[in-house]
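In: 3D model of this:
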Amino acid sequence: MLTQTTTRVLEPSDLGAALAILESEPVANAFVTSRVHVAGLDPWRLGGEMWGWYADGRLRSLCYSGANLVPICAGPEAVRAFADRARRAGRRCSSIVGPAEPTTQLWRLLEPGWGPAREVRANQPLMVTESPSADVAPDPLVRRIRKDETDVLMPACVAMFTEEVGISPLAGDGGLLYQARVAELVGAGRSFARIDDGKVVFKAEIGAATPQVCQIQGVWVAPEHRGKGLSETGMAAVLRYALADVAPVVSLYVNDYNTAARRAYRRVGFRETGTFMSVLF
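Out: Next up, the predicted model:
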């Protein structure tokens, strides 16, 4: 018997079915789930389209298509369908990111038309924790950033993004979208830092949050303060806030070659549970 499949852009009325897919893998899908909780499925509010792959009339897989292209709970047949749709639409995203297996397949199908990529990060360990380690004391100077401190925080955010991604977030639109995102996280109480003598020496954000899980991102230590253990004590402090105020599970993903960061995250209580992949354009 042949399975009848189809792919279409989801509508606001599909929200319940989409959330059921997203929440079936809460850690892996945290980024997209958090956006859907806030914006629903309206493309203008969501910042992109949500594609749904149906088999025999039932929604089985999703793909978020915005600034990032993100396959969600997608098996090989769904990935092929999403790749076909992406090819027809043309590349609009700045990256493809998601669990390594479907993201690898998606990039393999899209690379002939979309390549070459600026960088492919094929192995990014996904790490989680439900409790902090007792071995690392939280830095008492790491705290939530106030709205009136956004200008103090911004240079550190720009430095982190440039180091991590390889391009400045101020390029293109002069940084308007990036500054708005930083301000959004500060306003939501999800931006944390240690500020010494008016300068940020450590910072991190809770970039995605759902009732089940939150995801830490943007971890950065000022170059002149590296090697002093601030990433460990700072992360321990952010982890304490996250578990107490945001969600019962905290996640992050990290580049496999960043052995120092992986070691620091393990020390504060994180364990590796999966692998992400990112393709950067």
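
In: use CA for all of it now, contacts and neighbours both
Out: Noted.

In: Between the two ends of stretch 87-98, how far is it?
Out: Chord length of stretch 87-98, first to last residue, is 18 Å (Cα to Cα, to the nearest Å).

In: all numbers from here: first residue = 7
Out: Sure, I'll start counting at 7 from here, so that last one is stretch 93-104.

In: Buried residues of that stretch, list them for me.
Out: Residues 97, 99, 101-104 are the ones in stretch 93-104 that count as buried (16 or more other Cα atoms under 10 Å).

In: The residues you listed into a markdown table, with extra columns for secondary structure, distance to Asp203 and pLDDT?
Out: Listed next are the buried residues of stretch 93-104 as a markdown table, based on DSSP: H, G, I helix; E, B strand; the rest coil; distance: Cα to Cα, whole Å; pLDDT from 0 to 100:
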| residue | secondary structure | distance to Asp203 | pLDDT |
| --- | --- | --- | --- |
| Arg97 | coil | 44 | 96 |
| Cys99 | coil | 39 | 96 |
| Ser101 | strand | 36 | 97 |
| Ile102 | strand | 39 | 98 |
| Val103 | strand | 37 | 98 |
| Gly104 | strand | 39 | 98 |
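
In: with the residues you listed in mind, which one is nearest to Ser67?
Out: Of all the buried residues of stretch 93-104, Ser67 sits closest to Gly104, with 13.2 Å by Cα to Cα.

In: pretty sure the closest one is in contact with Val285, am I right?
Out: No: judged on Cα atoms under 8 Å, Gly104 makes no contact with Val285 at a distance of 9.5 Å.

In: Met166 should be in a helix, yeah?
Out: Yes: when DSSP: H, G, I helix; E, B strand; the rest coil is applied, Met166 is found to be in a helix.

In: State the next helix or strand along the chain beyond the helix or strand Thr13 falls within.
Out: Assigning secondary structure by DSSP states H and E places Thr13 in strand 11-15. For strand 11-15, the following helix or strand on the C-terminal side (DSSP H and E) is helix 21-28.

In: Who are the packing partners of the next helix or strand after that following helix?
Out: Remark: after helix 21-28, the chain's next helix or strand is helix 36-45, criterion DSSP H and E. When contacts are defined as 3 or more Cα pairs under 8 Å, 6 or more residues apart in numbering; DSSP states H and E, helix 36-45 sits against helix 21-28, helix 49-52, strand 205-215, strand 220-227.

In: how about these in a markdown table, adding distance to Glu170?
Out: Output for those, formatted as a markdown table (distance: least, Cα to Cα, whole Å):
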| stretch | distance to Glu170 |
| --- | --- |
| helix 21-28 | 27 |
| helix 49-52 | 25 |
| strand 205-215 | 13 |
| strand 220-227 | 9 |
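
In: re earlier: list the buried residues for the strand holding Thr13?
Out: 11, 13, 15.

In: for stretch 220-234, same thing?
Out: 220-227.

In: Show the average pLDDT along it.
Out: The pLDDT scores in stretch 220-234 average 96.

In: end-to-end on it?
Out: Start-to-end, stretch 220-234 (Cα to Cα) is 27 Å.

In: same question, stretch 215-229
Out: 29 Å.

In: any idea which helix or strand comes after the worst-scoring helix or strand of the chain on mean pLDDT?
Out: When the helices and strands of the chain are scored by mean pLDDT, DSSP states H and E, helix 177-180 comes last with a mean of 82. Using DSSP H and E, the helix or strand that directly follows helix 177-180 along the chain is helix 182-193.

In: Give me the residues contacting stretch 55-67.
Out: Identification of contacts with stretch 55-67 by Cα atoms under 8 Å, 6 or more residues apart in numbering yields 9-16, 23-24, 27, 47-49, 68-72, 77-81, 84, 87-88.
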